[in-house]
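*Asks:* I'll drop the sequence and a predicted model, then ask my questions.
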There are 4 protein chains.
Amino acid sequence: MQAAGGSQADEDDGDGPRRPRSRRLPRSVRERQILDAAVESFAARGFHLASMDEISEFAGISKPMIYAYLGSKEELFIACIQREANRLIEAIGTAVEPDLRPDEQLWRGLRVFFDYVQHNRASWTILHRQAATGGEPFSSEFAQWRQQAMALISTLLARATESAAQPMQPQQMEPFAAALVGAGESLLDWWVEHPEHTADGLAMRLMNLAWMGFGDLVEGRSWSPRVPDQPE
Amino acid sequence: MQAAGGSQADEDDGDGPRRPRSRRLPRSVRERQILDAAVESFAARGFHLASMDEISEFAGISKPMIYAYLGSKEELFIACIQREANRLIEAIGTAVEPDLRPDEQLWRGLRVFFDYVQHNRASWTILHRQAATGGEPFSSEFAQWRQQAMALISTLLARATESAAQPMQPQQMEPFAAALVGAGESLLDWWVEHPEHTADGLAMRLMNLAWMGFGDLVEGRSWSPRVPDQPE
Amino acid sequence: MQAAGGSQADEDDGDGPRRPRSRRLPRSVRERQILDAAVESFAARGFHLASMDEISEFAGISKPMIYAYLGSKEELFIACIQREANRLIEAIGTAVEPDLRPDEQLWRGLRVFFDYVQHNRASWTILHRQAATGGEPFSSEFAQWRQQAMALISTLLARATESAAQPMQPQQMEPFAAALVGAGESLLDWWVEHPEHTADGLAMRLMNLAWMGFGDLVEGRSWSPRVPDQPE
Amino acid sequence: MQAAGGSQADEDDGDGPRRPRSRRLPRSVRERQILDAAVESFAARGFHLASMDEISEFAGISKPMIYAYLGSKEELFIACIQREANRLIEAIGTAVEPDLRPDEQLWRGLRVFFDYVQHNRASWTILHRQAATGGEPFSSEFAQWRQQAMALISTLLARATESAAQPMQPQQMEPFAAALVGAGESLLDWWVEHPEHTADGLAMRLMNLAWMGFGDLVEGRSWSPRVPDQPE
DNA sequence: TATGAATGAGGCTTCATTCAT
DNA sequence: CATGAATGAAGCCTCATTCAT
């Protein structure tokens, strides 16, 4: 796990009354330590069950420092959400090179996504589970990151229609993007209990489901009920 | 919302020492009142922020009765999850008549699903958001309900392949079912901010995405990357 | 155990919603049932940990009846103390026949005492342990029963000096009586972890210790420090 | 009582928002303050009636500190028992110098015992009354301290038989030790209502009772019933 | 900079007791 | 007579947050 930076000594030497955590580190390092610890705690126990005591101990830093550097518990949590959202968005954004064919772009995005989550479980838990629960002010933060993710996917999908009969705007793609994102998330949950599958395998499966169904739609093939059974 | 029956006055008039809430009701009625109130509270504020005080006040009953009838806060929450899960599963199960064509079955299931959620927001929030967070013992409860939902969908999908060249087992359908469920959930979230769409409209959109993409897969059409881009 | 009278059915038949405890019993019977249950509960868990719910369930009687018959929890506990104190005092008093030789009287008293406690652990626990703790109003009740016990023993001891050079008044015997009672109590506690001893064996041991030491004192043999080491 | 140092004002003057109790004391000092207050409270009101609020107020410290330093109410109570038991045992152990004659040793032990209790009523109440009631986990703690006390006395008594015809093992002395301890305890209770006696006077009385009766036994003089009165 | 010491506030839970049937 | 239903009051415990060193 990339959290819990390893610079502080991991073992209690036991001779002093208390492990004398490495002192006088520059602010940026401290902040990273804190955020790493916080992400782990929040992911593992949820916002309410994670205690500032626990986080401070986990980070190897006293509580007042956390307050000094990152503010209240709420602010700390928001900082976590933001950092992790940026990481993920950036990872995917980097993988998607605009020069490639649309399907290649989507494919790479999915692969990176599954790969990222596989190696950053805590990060993903924060974004997927914890940020969504708990009402304001987290909802806003969550909505914002969701927005970014959706915009990314929508753009990808819209780009795929550029050569079709009727090119579409990213905004029209939103519900499909939403469906795709949800399908991906759900597949990830399912993955937890079926770890025999590889990240690439899952990405491929999702790619197929999305690309084929989506392709049909774009090209006008669709399903409709035989008989309208509730004209109402 | 249908929960928390609205007959009792919501404001204290303040002239008497205490408004004598309808008294001496049989246990079953009280239990329903309590569960209704609890579902609303848990959905609105999350498990930790919902307080037993609030729930008891909302239910029009004193706290000790909650403990007497439904047990601890944890047990109360679990009771909520179970009741709501059963409701939803049952609603969908009822709509899916086995005599219909497979696509009709799926279509009806989706329609009822979107319809149910539209009219039972709190119920859905519990199942979708709150139950998933918070670790044990809620995870188990959540996993269980997830299991039921997935089994239902998997069966539906498998049934749709019966007349295909290679009929498939429900278990093989699981990842697709997971993807479908996730897509539905995500679409519902998206709906919240786009309420101009109807339940049927969304159901139709999802049906198309699923049925077409799924159909392609069943019939052997698939997408694959041109060049293995990470020989590694 | 003499508590928890066995008249009510012990098994749930399960067809009715609730076991219909035998109804319409005369008051005296109900009171005995309640006291039996209360003694057991108080002895087993102490005054504070014993709950009225528990007692009522144990007695097979609903709580309001307990309040109707025996008053508050405090009053109930006091009733227990009194009943058990009377039982014990009476048992000993009956055994001590004034016609016998003084040593025989004491001997019989001790034997009955140990025997009673052996067969009425709960009763003794109430008198020995629970009544002494918890402050007013139990202290008074405890003091009163202590008083009776001490008077009984003091009289016995005084009677033993009647034929000595200097016959003594019961009141002068009090500290010796106190010591004897305490020795007995302590021996009982010790017995719990050494159950291989018999009631008679313990009674004999105590009798010896008391009678010999006491006899020496009465006859003027005594111990005194060689050198007063704190003239002060 | 020496517990709960009396320096802080006992009454709220009410003009300020809160009297600023002496702040920032080192942990060890606070722990002592807390234990002192707890011993007083537990002794005066019993475990269940003593409230953490009361103790914290009495100790001049806020509740969370109690929990931080001494743990839960149960743990706090156990800490009290242990501290007081150690104090008493140590006091007696110090007084009993192994070079003295056995009777002198016992005599000194008794004197210190009565003296200690006279000046540490609360401490003794904890050990004698409160620790014995309330079931686990206090019973274990109580049993343990009882064990230590008994071992001390048994050793003293055994040592007294070293020069007799048949020297005895400490373990054989246990019932006598138990009786002696009980006699002492009971005498102390009696003392409460007869404060005109001095600690030395009581110690002497008990010493006589024990030493003489005990001496008789060691030397083979004993009492036995004339006629077996239970042919049964 | 860095932290041990400290606390106000609030939540969960239980219990003795009473009312209405 | 008998009880299921109901509640006010109070207790334990924890936590986010700050102060003084």
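*Replies:* Cool, got the structure. The structure presented is a predicted model; accordingly, all values stated were derived computationally and were not measured.
*Asks:* where do the helices sit along chain A?
*Replies:* A:27-49, A:52-59, A:63-70, A:73-95, A:102-119, A:121-125, A:138-160, A:174-192, A:199-218 (DSSP state H).
*Asks:* Save those helices as a markdown table, and put in distance to D:P64, mean neighbour count and mean pLDDT too.
*Replies:* Placement of C-beta: from N, CA and C, glycine included. Output for the helices of chain A, formatted as a markdown table (distance: least, C-beta to C-beta, whole Å; neighbours: other C-beta atoms under 10 Å in any protein chain shown; pLDDT from 0 to 100):
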| stretch | distance to D:P64 | mean neighbour count | mean pLDDT |
| --- | --- | --- | --- |
| helix A:27-49 | 19 | 21 | 94 |
| helix A:52-59 | 12 | 18 | 95 |
| helix A:63-70 | 14 | 16 | 95 |
| helix A:73-95 | 17 | 18 | 95 |
| helix A:102-119 | 40 | 20 | 90 |
| helix A:121-125 | 30 | 20 | 95 |
| helix A:138-160 | 27 | 18 | 89 |
| helix A:174-192 | 38 | 23 | 90 |
| helix A:199-218 | 47 | 21 | 85 |
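*Asks:* And those: which comes nearest DNA strand E?
*Replies:* helix A:63-70 (2.8 Å; C-beta to the nearest atom of the strand).
*Asks:* now check the closest one, is it near DNA strand F?
*Replies:* Yes: residues of helix A:63-70 are located near DNA strand F by C-beta under 7 Å from any atom of the strand, namely A:63-64, A:67.
*Asks:* roughly how far apart are the closest residue to A:E162 other than its chain neighbours and A:P167?
*Replies:* Leaving aside its sequence neighbours, A:E162 sits nearest to A:P102 (C-beta to C-beta, 6 or more residues apart in numbering or on different chains; 7.4 Å). Relative to A:P167, A:P102 is positioned 11 Å away (C-beta to C-beta, to the nearest Å).
*Asks:* Got phi/psi on A:H197?
*Replies:* Main-chain dihedrals, A:H197, degrees, to the nearest 10: phi -80, psi 150.
*Asks:* OK, contacts around it?
*Replies:* A:191, B:175 (C-beta atoms under 8 Å, 6 or more residues apart in numbering or on different chains).
*Asks:* residues contacting the closest residue to chain C within chain A?
*Replies:* Closest contact between chain A and chain C, by C-beta to the nearest C-beta, is at A:L49 (30.4 Å). If you count contacts by C-beta under 8 Å, 6+ apart, A:L49 has them with B:48, B:134-135.
*Asks:* Check A:F114 too.
*Replies:* Applying C-beta under 8 Å, 6+ apart, the residues contacting A:F114 are A:184, A:188, A:199-200, A:202-203.
*Asks:* Tabulate these (JSON lines), appending distance to chain D.
*Replies:* As requested, the contacts of A:F114 are exported to JSON lines (distance: C-beta to the nearest C-beta, whole Å):
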{"residue": "A:G184", "distance to chain D": "45"}
{"residue": "A:L188", "distance to chain D": "40"}
{"residue": "A:A199", "distance to chain D": "45"}
{"residue": "A:D200", "distance to chain D": "51"}
{"residue": "A:L202", "distance to chain D": "47"}
{"residue": "A:A203", "distance to chain D": "50"}
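*Asks:* now those in TSV, with distance to C:K73?
*Replies:* Putting the contacts of A:F114 into TSV (distance: C-beta to C-beta, whole Å) gives the following:
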residue	distance to C:K73
A:G184	61
A:L188	57
A:A199	65
A:D200	69
A:L202	63
A:A203	67
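*Asks:* for those, which one is nearest D:I55?
*Replies:* Among the contacts of A:F114, A:L188 lies closest to D:I55 (C-beta to C-beta), at 50.9 Å.
*Asks:* and the gap between the residue nearest to that closest one when sequence neighbours are not counted and A:A91?
*Replies:* Leaving aside its sequence neighbours, A:L188 sits nearest to A:V117 (C-beta to C-beta, 6+ apart; 5.7 Å). For A:V117, the distance to A:A91 equals 10 Å [C-beta to C-beta].
*Asks:* Let me know how buried A:P137 is, in neighbour terms.
*Replies:* 12 (other C-beta atoms under 10 Å in any protein chain shown).
*Asks:* dump the residue contacts of it.
*Replies:* A:74, A:78.
*Asks:* Quick check on it: phi, psi?
*Replies:* phi -90, psi 10.
*Asks:* Could you check how far it is from DNA strand F?
*Replies:* For A:P137, the distance to DNA strand F equals 12 Å [C-beta to the nearest atom of the strand, to the nearest Å].
*Asks:* Ok, A:G182 next?
*Replies:* Distance from A:G182 to DNA strand F, by C-beta to the nearest atom of the strand: 31 Å.
*Asks:* so that residue touches B:L180, yeah?
*Replies:* No: here A:G182 lies out of contact with B:L180, judged by C-beta atoms under 8 Å, at a distance of 9.3 Å.
*Asks:* Quickly list what's touching both of those two.
*Replies:* Common neighbours of A:G182 and B:L180 (C-beta under 8 Å, 6+ apart) do not exist.
*Asks:* follow-up on the earlier one: kindly indicate which of the residues of helix A:63-70 next to DNA strand F lies nearest B:Q172.
*Replies:* A:K63 (51.6 Å).
*Asks:* from what I can see that closest one touches A:M52, true?
*Replies:* Yes: using C-beta under 8 Å, A:K63 is in contact with A:M52, at 5.7 Å.
*Asks:* Next up, the contacts around A:Q166.
*Replies:* The contact partners of A:Q166, by C-beta under 8 Å, 6+ apart, come to A:V218.
*Asks:* 10 Å instead?
*Replies:* A:218-220 (C-beta atoms under 10 Å, 6 or more residues apart in numbering or on different chains).
*Asks:* And A:Y116, by the same measure?
*Replies:* Per C-beta under 10 Å, 6+ apart, neighbours of A:Y116: A:87-88, A:90-92, A:95, A:123-124, A:199.
*Asks:* repeat for A:P64
*Replies:* A:S56.
*Asks:* what do you get for A:R108?
*Replies:* Taking C-beta under 10 Å, 6+ apart as the test, what A:R108 contacts is A:92, A:94-97, A:100, A:156, A:203, B:225, B:229.
*Asks:* Model confidence for A:R19, exactly?
*Replies:* A:R19 is assigned a pLDDT of 43 by the prediction.
*Asks:* How about A:W211: what's its closest non-neighbour residue?
*Replies:* A:W211 sits nearest to B:W223 (C-beta to C-beta, 6+ apart), 4.7 Å away.
*Asks:* Wait, the one you found touches A:M204, no?
*Replies:* Yes: in this structure, B:W223 is within contact of A:M204 by C-beta atoms under 10 Å, at 8.4 Å.
*Asks:* Are there residues contacting both of the two? Which ones?
*Replies:* A:W107.
*Asks:* domain parsing for chain A?
*Replies:* A:1-71, A:80-218 (automatic domain parsing).
*Asks:* what about the last one and DNA strand E, touching?
*Replies:* Which is domain A:80-218. No: Domain A:80-218 stays clear of DNA strand E (C-beta under 7 Å from any atom of the strand), getting no nearer than 13.9 Å.
*Asks:* Just give the nearest non-adjacent residue to A:I34, would you?
*Replies:* Using C-beta to C-beta, 6+ apart, the closest residue to A:I34 is A:A59 (4.9 Å).
*Asks:* coming back round to it: can you tell me which of the contacts of A:L49 lies nearest to chain D?
*Replies:* Distances from chain D to the contacts of A:L49, taken by C-beta to the nearest C-beta, are shortest for B:H48, at 19.9 Å.
*Asks:* Show the contacting residues for the closest one.
*Replies:* Per C-beta under 10 Å, 6+ apart, neighbours of B:H48: A:46-49, A:133-134, B:42, B:73, B:130, B:133-134.
*Asks:* cool, A:E136 as well?
*Replies:* Taking C-beta under 10 Å, 6+ apart, one finds A:E74 in contact with A:E136.
*Asks:* what pLDDT does it get?
*Replies:* For A:E136, pLDDT reads 81.
*Asks:* and the nearest residue to A:G220 once chain neighbours are set aside, what does it touch?
*Replies:* Closest residue to A:G220 apart from its sequence neighbours, by C-beta to C-beta, 6+ apart: A:A165 at 7.9 Å. Neighbour list for A:A165: A:218-220 [criterion: C-beta under 10 Å, 6+ apart].
*Asks:* That concludes my questions; thank you for your assistance.
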